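**Q** I need the structure of the sequence given here:
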Amino acid sequence: GRWCVQIRYRNLKREDSERTIEPYALAYQMGQWYLIGHCRLRKEVRTFRVDRIQRADPLAQPFTVPDDFDLRAYMRRTMYEPSTTVVVRFAPSIAALIREDRAPWMQVTDQDDGSLLVRFGVSTLEWVVGWVLSYGGAARVLEPPELIERVQKAAQGALRQYAEPI
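**A** Model (predicted):
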């Protein structure tokens, strides 16, 4: 049989919550392990990054995975179905590199000034922030506004690290 698990989970904002989970599956996607299961707090199937689980304790509460639960369909819907379009402008100085290294699902458009516009759909903005920042000042997010804000906050946070002498 399967047993529920009590977890302490730390979200992206570094807030902890206690959850009772009916664990359905573990999945490895984009370099991360995820626990997929029914969260009794949210009363729906949720995805939890394993490295954000602070603690996990087994409970003497059995459960059954619903017969109609399809892990592949769930992962496709939650991890891959693009719900947001990202547009990033890359400076002419790295245009050749970007053209060479781009993923097959990225649409690249050459601009008259030698820069590139890269457009793609994502289901989560989480990884895009670090990806954009890895190109420093040669990349600039044009869409969506939420991503622009996240990149600005992350860049300001990095800058603050160097504002004071060590």
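**Q** element containing the residue lying closest to residue 54 once chain neighbours are set aside, please.
**A** Take residue 54 and drop its neighbours on the chain: the residue closest to it by C-beta to C-beta, 6 or more residues apart in numbering is residue 8, 4.2 Å away. Quick note: C-beta positions are derived from backbone N, CA and C, even for glycine. Using DSSP states H and E, residue 8 falls within strand 2-10.
**Q** quick revisit: I figured the residue nearest to residue 54 was touching residue 57, is that so?
**A** No: Residue 8 is not in contact with residue 57 according to C-beta atoms under 8 Å; the separation is 9.0 Å.
**Q** Neighbour count: the two, which is higher?
**A** residue 8 (14 against 9; other C-beta atoms under 10 Å).
**Q** who's in contact with that one?
**A** 16, 17, 18, 19, 53, 54, 55 (C-beta atoms under 8 Å, 6 or more residues apart in numbering).
**Q** What number of residues are in the vicinity of residue 17?
**A** As a burial measure, residue 17 scores 12 neighbours (other C-beta under 10 Å).
**Q** And the strand holding residue 8, what's buried?
**A** The neighbour-count check on strand 2-10 (16 or more other C-beta atoms under 10 Å) flags 4, 5, 7, 9 as buried.
**Q** I'd say the second one and residue 53 touch.
**A** Okay, so that is residue 5. No: counting by C-beta under 8 Å, residue 5 stays clear of residue 53, with 9.1 Å between them.
**Q** Determine which residue lies closest to the centroid of this protein.
**A** The chain has residue 126 as the residue nearest its centroid, 3.5 Å off, counting by C-alpha atoms, centre = their mean.
**Q** Without its sequence neighbours, what residue ends up closest to that residue?
**A** In space, and not counting its chain neighbours, residue 126 is closest to residue 12: 7.1 Å by C-beta to C-beta, 6+ apart.
**Q** Can you pull the phi and psi angles for that neighbour?
**A** Main-chain torsions, residue 12, degrees, to the nearest 10: phi -60, psi -30.
**Q** Right, I'll call it a day here.
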